[in-house]
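Asker: here is the input, now give the coordinates:
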Amino acid sequence: MVKRKGIIIYFRHKKIVNKIKELGVNVTYISESLRYLTGFVDEEKYEDIFKNLKNHRLVKKIEESKQEMEQFNFSV
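Answerer: As a prediction, this is how the structure comes out:
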């Protein structure tokens, strides 16, 4: 079983959404009016994705989801 981490990304413009998807974030919800998205990533890739998006000019803030992802089953 693959361990996942939930992620919440606040952005300045919706152009960044495609870049976020290319980095490997599985997007589950996008709020264009409030400018944030929720999704999940593999636990091993979380730090790399966080570093890549942290200093991007279109990303305001990145948070780790408070919800435990272990209760969900994601089969590969």
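Asker: from here on, contacts and neighbour counts on C-alpha atoms
Answerer: OK.
Asker: for this structure, what spans make up the helices?
Answerer: In the chain, the helices defined using DSSP state H lie at 16-22, 46-54.
Asker: of the ones you listed, which is nearest Arg35?
Answerer: Proximity to Arg35 (C-alpha to C-alpha) singles out helix 16-22 among these, at 10.1 Å.
Asker: show me where the protein dips below the pLDDT cut-off.
Answerer: Within the chain, the segments meeting pLDDT under 70 span 68-76.
Asker: ranges for the strands of the protein?
Answerer: Applying DSSP state E to the chain gives strands spanning 4-11, 26-31, 36-42, 59-64.
Asker: tally of neighbours for Val17?
Answerer: Neighbour count of Val17, defined by other C-alpha atoms under 10 Å: 18.
Asker: what separates it from Phe11, distance-wise?
Answerer: 8 Å (C-alpha to C-alpha, to the nearest Å).
Asker: now the strands of the chain in CSV, with distance to Lys51 and mean neighbour count?
Answerer: Shown next, in CSV, are the strands of the chain (distance: least, C-alpha to C-alpha, whole Å; neighbours: other C-alpha atoms under 10 Å):
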stretch, distance to Lys51, mean neighbour count
strand 4-11, 13, 20
strand 26-31, 17, 14
strand 36-42, 14, 19
strand 59-64, 10, 16
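Asker: can I get the helices of the chain in TSV with distance to Leu37?
Answerer: Formatted as TSV, the helices of the chain follow (distance: least, C-alpha to C-alpha, whole Å):
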stretch	distance to Leu37
helix 16-22	8
helix 46-54	13
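Asker: I appreciate the help and will end here.
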